[in-house]
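**Q** how would this look folded up:
(8 chains)
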8 protein chains.
Amino acid sequence: MGLNVYLSGEIHTDWREQIIDGAQGLDITFNSPVTNHEASDDCGVAVLGAEPNKYWHDHKGAMVNAIRTRKGIADADVVVVRFGEKYKQWNAAFDAGYAAALGKSLIVLHGPDHQHALKEVDAAALAVAEQPAQVVDVLRYVLTGKLPD
Amino acid sequence: MGLNVYLSGEIHTDWREQIIDGAQGLDITFNSPVTNHEASDDCGVAVLGAEPNKYWHDHKGAMVNAIRTRKGIADADVVVVRFGEKYKQWNAAFDAGYAAALGKSLIVLHGPDHQHALKEVDAAALAVAEQPAQVVDVLRYVLTGKLPD
Amino acid sequence: MGLNVYLSGEIHTDWREQIIDGAQGLDITFNSPVTNHEASDDCGVAVLGAEPNKYWHDHKGAMVNAIRTRKGIADADVVVVRFGEKYKQWNAAFDAGYAAALGKSLIVLHGPDHQHALKEVDAAALAVAEQPAQVVDVLRYVLTGKLPD
Amino acid sequence: MGLNVYLSGEIHTDWREQIIDGAQGLDITFNSPVTNHEASDDCGVAVLGAEPNKYWHDHKGAMVNAIRTRKGIADADVVVVRFGEKYKQWNAAFDAGYAAALGKSLIVLHGPDHQHALKEVDAAALAVAEQPAQVVDVLRYVLTGKLPD
Amino acid sequence: MGLNVYLSGEIHTDWREQIIDGAQGLDITFNSPVTNHEASDDCGVAVLGAEPNKYWHDHKGAMVNAIRTRKGIADADVVVVRFGEKYKQWNAAFDAGYAAALGKSLIVLHGPDHQHALKEVDAAALAVAEQPAQVVDVLRYVLTGKLPD
Amino acid sequence: MGLNVYLSGEIHTDWREQIIDGAQGLDITFNSPVTNHEASDDCGVAVLGAEPNKYWHDHKGAMVNAIRTRKGIADADVVVVRFGEKYKQWNAAFDAGYAAALGKSLIVLHGPDHQHALKEVDAAALAVAEQPAQVVDVLRYVLTGKLPD
Amino acid sequence: MGLNVYLSGEIHTDWREQIIDGAQGLDITFNSPVTNHEASDDCGVAVLGAEPNKYWHDHKGAMVNAIRTRKGIADADVVVVRFGEKYKQWNAAFDAGYAAALGKSLIVLHGPDHQHALKEVDAAALAVAEQPAQVVDVLRYVLTGKLPD
Amino acid sequence: MGLNVYLSGEIHTDWREQIIDGAQGLDITFNSPVTNHEASDDCGVAVLGAEPNKYWHDHKGAMVNAIRTRKGIADADVVVVRFGEKYKQWNAAFDAGYAAALGKSLIVLHGPDHQHALKEVDAAALAVAEQPAQVVDVLRYVLTGKLPD
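**A** Next comes the predicted model:
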């Protein structure tokens, strides 16, 4: 058994690298959105033409990014969604809902301060973790049956 | 043609009432989550037994509320998701993602300040409105072909 | 057995009225797009705010119209798509493809001049007619087993 | 992440070659309909027997081509639909509707003259481009996060 | 609980009437194909234009009948397929396969002589009966829990 | 909002009556398997002919009962599965798995002694109750937002 | 593009070998039912225990064969169904209906004598051939665009 | 043709090893739940944090195990469910129902004592075996057409 895992959500810390590094040796394919904030914001207009209106500037970019996001979630067995300390992160919650509706196994990763605000998201998850290392431990157990010492 | 419309999101203003009142005379069935904040938070423990741990207290409630939410979205032709001025509102974004993955027609309702933060949610929508009256106008046009004067 | 029939395509002749009139007495619910050309073109900006750029003007309207079109096709047992003598009518062909992918029974209505150009669309249909009265005859036969005298 | 991309529509210019050439080095599998116009028109009768009636001649061919088209679209993550300057191209719009109903990511490629006539097709797309090179740029960004200089 | 039951197959005996009569008083909606053999054979050409070639004559009719058959099976909870003593009845077996793939509850009705030849069809069924009265007894039990005296 | 609720599982106590009685006044349609143990065991052979082999005797009955069970679960928004004190009740757990795979909202009802043995079933549920009255309270809250005093 | 092709139906002539031989060099994976008539009839009792009743003997075998048939059809892009000169061949028509309901591309192979009796099956097909060599020609064209000389 | 087979159920005897050993040389990928009883019970708390309440201790573990179980069943062509002599084994019956609802080919493995209690589960199966060697024989026949000597 191998797993395809999509890493959605916060892009300002190195949680993806921690998980990917920690999971070395496991049969996992990881996918993620484009995590370069500037490229992600501007991809629509950079390729398809400038928009003077900020709304359509954002819209064009969000649509292009959706090509990658939809593919990443559609291919995934497990979707990990990380909520960081800051920002609205509505795209993360949107991805969680999208993944839940497709029946993907959902793992949510957030600090204890967000517990109440994320209760509906957590309720759709099969695991709720606080640390990237716990996500690695879950994935290792799922694939190998091995628990951390 | 009649429509089944689910009204998701913010529960601290009267936007649902504005839409339901404005839509009188149209063939629309409206559904909503339980909007009594306290009941919504406590429904799990009130019915299924107290939990000393706040996380499981929240969890039990979120699960019970999901029975209603899933039914409401599954039955809907159109899902309207309202983002208010305050709070994280991750459940609103989660519902939007859930509805999008099921192929529901999505209408997002929010003020201009949230445009950038909601760009991924808006990109999945067929209409983005700032005022409840605009949602009514969209629904009236969809059902009758009549535009506002 | 009753039927839900969606009438897609050309909006400049009275073919819809001919079918609906001819089908009186049969247990059929008919739905159609908004056939007021001007309202259909302007619905987006009339409700959700003006757009100086014609592309986004059109886009907003097409999205709002999609709420009605998707509902109409999703509810339909039979989708009738009419191609008139003039215009590109790509939206008609788009609806035909959309309906075909959902497994709807497709009836295509067009004059003999368009046979070669519409061969891929016709190949997805269960009936290809030249006159609205033939569509009525098909629907009457499907519901009652009666053939025209 | 790799992508499977189906290139639908116009067969009289070299837009497919431009995209395939431009995308060299990216992890993309491209598929297309049979683009030999004569073979595409005659495949039904050439293999399954002549038809004196032109309608059935066309029909047999369209059905055989549908085996390839359906497979191509079903396997695709992204469907690119090109509308050229000439001809009705209803099969292109049909493919776009078919792909949209299956939830494929749709990229539409056409000149500015067709904007109004294609507004319903564009409204179902995640990117609308005028040049094949823009399609390549979108695909490169989706796969690598790299924007054109 | 009510049931929608589609009665497919043999059209030369009164088995449908026996079942419908026997089921009086039960909450069942019955649907059937057009059982007028001549109308069923000629419906395509009678409505959509004559075909000199018998194959296309048959084809046009089979396509029109498919509009009714698909609707009847799609709406059904239970599909009863009757194989009579004579004829090939491949359309009956086709309907059985179609219904099985859609997850419909299948009841097969045939005499003991056909047991070996129908073993694959019977293996997809939840009940195999020899007499129409047994089908009525199954339906009555399913709806009311009452067994025959 | 109304609910369709299927009551699966134990047939030796009056838990179904308690729920149905308690839910009077709520917009709920209840369905259940045939709860007459003897009729349920013998329905296959009583209608479709005796079987000397007990395995096929049971098999024929289980298949006929499946017509009702599948319809009941397919129509349900909520599936309540009750595990009593005695017996294997594998059919109850089978129904729970079947309902979970179809995405139905699952409520499990059992005493505290079965907690460990039912942990996989409970993990698929949105509510786990010990008393029928709690199930009524959950359904009332879901439909009306009212909590017990 | 490669194809997965399932070869269903008649087992008494070498039509499968003709197709597989003719298709050498094409990127096609072929699957078939077990074509050893005796093994196919007896597989159930040979493995799972004898049955004195011929009906259950047949039933057990048909169920075991269904494991292979379902997998073969589920994996297929194209299902070829061959009707020979003799026998009822209801399993072939059942497979055709099953494949059609799953949206598989269907190719039917039969002699001209069966045209009228197979009209419903042919109406669900994308190609109707009389000779195995024509099936090869269709598959070659679908994969390579090459027509026979 | 190759098969993906998921081995669900009893974890206290070596039936999985018997099947995997017996199937050597066949093109089969086997998957199973974690069969280390202690790890399976404790995986939730070991990774995601201790729970003083046994119910939540169990719940957390069951959810983590569900990531593996769902993936295993979703990927499977054939699900084998083994019921041993002892314990409730409700998770086995749950998996059987889950697999049945997804249309997986189900093989049930149990001793003759459980026949009556498992009749609903057996009725959803394509093969019911008493010995692991019979499961191997079924799989070998499905893949190769070879019956045991």
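**Q** Keeping just the C-alphas, turn the longest helix along chain A into PDB.
**A** In chain A, taking DSSP state H as the definition, the longest helix is helix A:54-75. Below are the C-alpha coordinates for helix A:54-75, written out as PDB (Å, rounded to 0.1, in the frame of the first residue of the first chain):
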ATOM      1  CA  LYS A  54      -8.100  43.900  -8.400                       C
ATOM      2  CA  TYR A  55     -11.100  41.500  -8.100                       C
ATOM      3  CA  TRP A  56     -10.500  40.100 -11.500                       C
ATOM      4  CA  HIS A  57      -6.800  40.100 -11.000                       C
ATOM      5  CA  ASP A  58      -7.300  37.800  -8.000                       C
ATOM      6  CA  HIS A  59     -10.100  35.900  -9.800                       C
ATOM      7  CA  LYS A  60      -7.900  34.900 -12.700                       C
ATOM      8  CA  GLY A  61      -5.200  33.700 -10.400                       C
ATOM      9  CA  ALA A  62      -7.500  31.700  -8.200                       C
ATOM     10  CA  MET A  63      -8.900  30.000 -11.300                       C
ATOM     11  CA  VAL A  64      -5.500  29.000 -12.600                       C
ATOM     12  CA  ASN A  65      -4.500  27.800  -9.100                       C
ATOM     13  CA  ALA A  66      -7.700  25.700  -9.000                       C
ATOM     14  CA  ILE A  67      -6.400  23.500 -11.800                       C
ATOM     15  CA  ARG A  68      -3.600  22.400  -9.600                       C
ATOM     16  CA  THR A  69      -5.600  22.200  -6.400                       C
ATOM     17  CA  ARG A  70      -8.400  20.100  -7.900                       C
ATOM     18  CA  LYS A  71      -5.900  17.700  -9.400                       C
ATOM     19  CA  GLY A  72      -4.000  17.400  -6.200                       C
ATOM     20  CA  ILE A  73      -7.100  16.700  -4.100                       C
ATOM     21  CA  ALA A  74      -8.700  14.400  -6.700                       C
ATOM     22  CA  ASP A  75      -5.600  12.300  -6.700                       C
END
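**Q** Is chain H within reach of the helix or strand following it?
**A** Counting by DSSP states H and E, the next helix or strand C-terminal to helix A:54-75 is strand A:78-82. Yes. Contact between strand A:78-82 and chain H, assessed by Cβ under 8 Å from any Cβ of the partner chain, occurs at A:V78. Glycine gets a C-beta too; all of them are placed from N, C-alpha and C.
**Q** how about strand A:78-82, does it reach chain B?
**A** No. Strand A:78-82 does not reach chain B (Cβ under 8 Å from any Cβ); its nearest approach is 9.7 Å.
**Q** Show me what that strand is packed against.
**A** strand A:3-9, helix A:90-101, strand A:105-109, helix A:132-144 (3 or more Cβ pairs under 8 Å, 6 or more residues apart in numbering or on different chains; DSSP states H and E).
**Q** So which of those is the most surrounded?
**A** helix A:90-101 (a mean of 28; mean count of other Cβ atoms under 10 Å in any protein chain shown).
**Q** so how far is it off the chain centroid?
**A** Distance of helix A:90-101 from the chain centroid (Cα atoms, centre = their mean, to the nearest Å) equals 9 Å.
**Q** what about the helices and strands packed on strand A:78-82, which gets the closest to chain E?
**A** helix A:90-101 (20.9 Å; Cβ to the nearest Cβ).
**Q** same question for that closest one, mean pLDDT?
**A** Per-residue pLDDT over helix A:90-101 has a mean of 98.
**Q** any idea of the angle that helix forms with helix B:90-101?
**A** 50 degrees (axes from the mean of the first three to the mean of the last three Cα atoms, to 10 degrees).
**Q** Would you quantify the distance from the closest residue to chain E within chain A to C:E51?
**A** Closest residue of chain A to chain E, Cβ to the nearest Cβ: A:G103 (17.4 Å). Look at A:G103 and C:E51: by Cβ to Cβ, to the nearest Å, they are 38 Å apart.
**Q** more neighbours, the two?
**A** C:E51 (18 against 12; other Cβ atoms under 10 Å in any protein chain shown).
**Q** backbone phi and psi for the more buried one, please?
**A** With angles defined as degrees, to the nearest 10, C:E51 sits at phi -130, psi 120.
**Q** Now do the buried residues in stretch A:73-90.
**A** A:73-84, A:88-90 (16 or more other Cβ atoms under 10 Å in any protein chain shown).
**Q** Check stretch A:53-68 too.
**A** So for stretch A:53-68, counting by 16+ other Cβ under 10 Å, buried means A:55-68.
**Q** Need the contact partners of that stretch.
**A** Stretch A:53-68 is contacted by residues A:33-34, A:40-45, A:47-48, A:50-51, B:115-116, B:119-120, B:122-124, C:53, C:56, D:1, D:77-78, D:105, D:107, D:125-127, D:138, D:141-143 when judged by Cβ atoms under 8 Å, 6 or more residues apart in numbering or on different chains.
**Q** What average pLDDT does it get?
**A** 98.
**Q** Run the chain-centre distance for it.
**A** The answer for stretch A:53-68 is 18 Å, by Cα atoms, centre = their mean.
**Q** Also stretch A:93-104?
**A** Computed by Cα atoms, centre = their mean, the chain-centroid distance of stretch A:93-104 equals 11 Å.
**Q** again with stretch A:114-124
**A** So, by Cα atoms, centre = their mean, the centroid of stretch A:114-124 is 16 Å from its chain's centroid.
**Q** List the buried residues for it?
**A** Those would be A:H114, A:Q115, A:A117, A:L118, A:K119, A:E120, A:V121, A:D122, A:A123, A:A124, for stretch A:114-124 by 16+ other Cβ under 10 Å.
**Q** In helices, which of those fall?
**A** A:K119, A:E120, A:V121, A:D122, A:A123.
**Q** how close does the closest residue to chain C within chain A sit to A:M63?
**A** Taking Cβ to the nearest Cβ as the measure, chain A has A:W56 as its residue closest to chain C, at 5.9 Å. Applying Cβ to Cβ, the value for A:W56 to A:M63 is 10 Å.
**Q** again, but for A:R82
**A** A:R82 is 23 Å from A:M63, by Cβ to Cβ.
**Q** what residues does chain A put near chain H?
**A** So far as Cβ under 8 Å from any Cβ goes, chain A lies against chain H at A:1, A:3, A:77-78, A:103, A:105, A:107, A:125-129, A:134, A:137-138, A:141-143, A:145-148.
**Q** Okay then, goodbye and thanks.
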